[in-house]
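Chemist: quick check, what structure comes out for this input:
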Amino acid sequence: MSINYYPFQLDKEITPGLPRLPGSHFEKIQTSVLAPQIQKAIDELAFRAAAGEADAVEPLYELAASATNHLVNLAKRTPELLCPIATGWPVFPVLSSPKDEWTPKTKSLLESVGVASGLGQEYSPKSRWSLENTATQYAAAMLNTIHVNAALVNAQRTVSPERIEQEIARYPHSYLRAAAFPEWVKRAAGLPEFNKLTAGEWFEVGWLALMEKTNGQPENVKALRVLGNHRARHRSTAKPGSKTSESDIRDGIKTSLKRAMRTIAPKLPG
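Modeler: Sure thing, here's the model as predicted:
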């Protein structure tokens, strides 16, 4: 018997929090069989558009605008219907326009449906970290990877295999099948609450996930190499391209991401 787990997502733009942090959604019954079909159709349009097919761009645009408009109206009229879902997402889709009257009051809209309120203090509007920084982007992606896998491991104990497979089928390209959970995935499920004190433990698990994805060579990822190069230039005396130099760059990457993880972590209460 095999299982599925959620590897670090490196093959697309880093978008922390997507797909949503699972939370308790594994326990919910999927009432519509259309969801996987709709997701597949959207993905196909997106892939075609990314490949330069102009005839796929307009329907993707229209679909996104229409769906977003429906969600915004639903949030205004019956926010209680969206709350159970929005609390487990770090984002909420909204329309934006040069005409102010066509743009919803975003802050009040997010508050009305409780966006991200179930995800922990690191998503609080009071937190000061920003995704403008590359290291923070990757640290946030590590955090998401840990959350998703912790939910998967916990779901194994309480949810039927059929229900888990049904959920994973909605994101077939985001999961890997294995004979058993990797050690870092098991550790993810046992981590303490995420805060400044425990950020180091969370980072070590996230680092293992990144190392797995990059075959132990994160320095080969262009965006990460930039982070490591800065430290290596200031501290390393090794010849560029040598094993020692590459190791120094890797160490620089680790230092930058660890610092960013602690920046994301919420303060201890009190």
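
Chemist: what's next to stretch 250-263, contact-wise?
Modeler: 129, 133, 135-136, 138-139, 142-143, 196, 199-200, 202-203, 206-207, 210, 217-219, 224-225, 227-232, 235 (Cβ atoms under 8 Å, 6 or more residues apart in numbering). Yep, even glycine has a C-beta here, placed from its N, CA and C like the rest.

Chemist: could you redo the last one with a cut-off of 7 Å?
Modeler: 129, 133, 135-136, 138-139, 142, 196, 199, 202-203, 206-207, 218-219, 224, 227-228, 230-232 (Cβ atoms under 7 Å, 6 or more residues apart in numbering).

Chemist: how much space between residue 229 and residue 249?
Modeler: 6 Å (Cβ to Cβ, to the nearest Å).

Chemist: surely residue 95 is within a helix?
Modeler: No: applying DSSP: H, G, I helix; E, B strand; the rest coil, one finds residue 95 to be coil, outside a helix.

Chemist: name the residue in residue 229 and residue 249 with the higher neighbour count.
Modeler: Taking other Cβ atoms under 10 Å, residue 229 and residue 249 do not tie; residue 249 has more neighbours (27 against 18).

Chemist: low pLDDT regions in the stretch 101-250 of the chain?
Modeler: 102, 104, 119-128, 170-171, 230-243 (pLDDT under 70).

Chemist: where do the strands sit along it?
Modeler: With DSSP state E, counting those that start in this stretch as the criterion, the stretch 101-250 of the chain has strands at 176-178.

Chemist: can you give me the helices for it?
Modeler: Assigned by DSSP state H, counting those that start in this stretch, the stretch 101-250 of the chain shows helices spanning 106-113, 134-158, 161-168, 183-189, 199-213, 222-235, 243-264.

Chemist: for the ones you listed, give me JSON lines that also has distance to residue 71.
Modeler: Formatted as JSON lines, the helices of the stretch 101-250 of the chain follow (distance: least, Cβ to Cβ, whole Å):
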{"stretch": "helix 106-113", "distance to residue 71": "9"}
{"stretch": "helix 134-158", "distance to residue 71": "22"}
{"stretch": "helix 161-168", "distance to residue 71": "21"}
{"stretch": "helix 183-189", "distance to residue 71": "31"}
{"stretch": "helix 199-213", "distance to residue 71": "31"}
{"stretch": "helix 222-235", "distance to residue 71": "32"}
{"stretch": "helix 243-264", "distance to residue 71": "27"}
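
Chemist: so which of these is nearest residue 93?
Modeler: helix 106-113 (10.4 Å; Cβ to Cβ).

Chemist: ok, back up a step: any of the contacts of stretch 250-263 buried? List them.
Modeler: Buried by 16 or more other Cβ atoms under 10 Å: 129, 135-136, 138-139, 142, 199, 202-203, 206-207, 218-219, 224, 227-228, 231-232, out of the contacts of stretch 250-263.

Chemist: list the contacts for residue 106?
Modeler: Counted by Cβ under 7 Å, 6+ apart, residue 106 has contacts residue 94.

Chemist: try the one 5 residues further on
Modeler: Contact analysis of residue 111 by Cβ under 7 Å, 6+ apart lists nothing.

Chemist: before we move on, back to that, and of the helices of the stretch 101-250 of the chain, who's closest to residue 47?
Modeler: The closest of the helices of the stretch 101-250 of the chain to residue 47 is helix 161-168. By Cβ to Cβ, the value is 19.5 Å.

Chemist: what's the offset of that closest one from the middle of its chain?
Modeler: Centre-to-centre, helix 161-168 and its host chain are 20 Å apart (Cα atoms, centre = their mean, to the nearest Å).

Chemist: swap in stretch 140-152?
Modeler: Stretch 140-152 sits 7 Å away from the centroid of its parent chain (Cα atoms, centre = their mean).

Chemist: quick one: neighbours of residue 6, just the number.
Modeler: Around residue 6 there are 24 residues (other Cβ under 10 Å).

Chemist: switch to numbering from 624
Modeler: In the new numbering, first residue 624, that becomes residue 629.

Chemist: and it, how far from residue 887?
Modeler: With Cβ to Cβ as the criterion, residue 629 and residue 887 are 19 Å apart.
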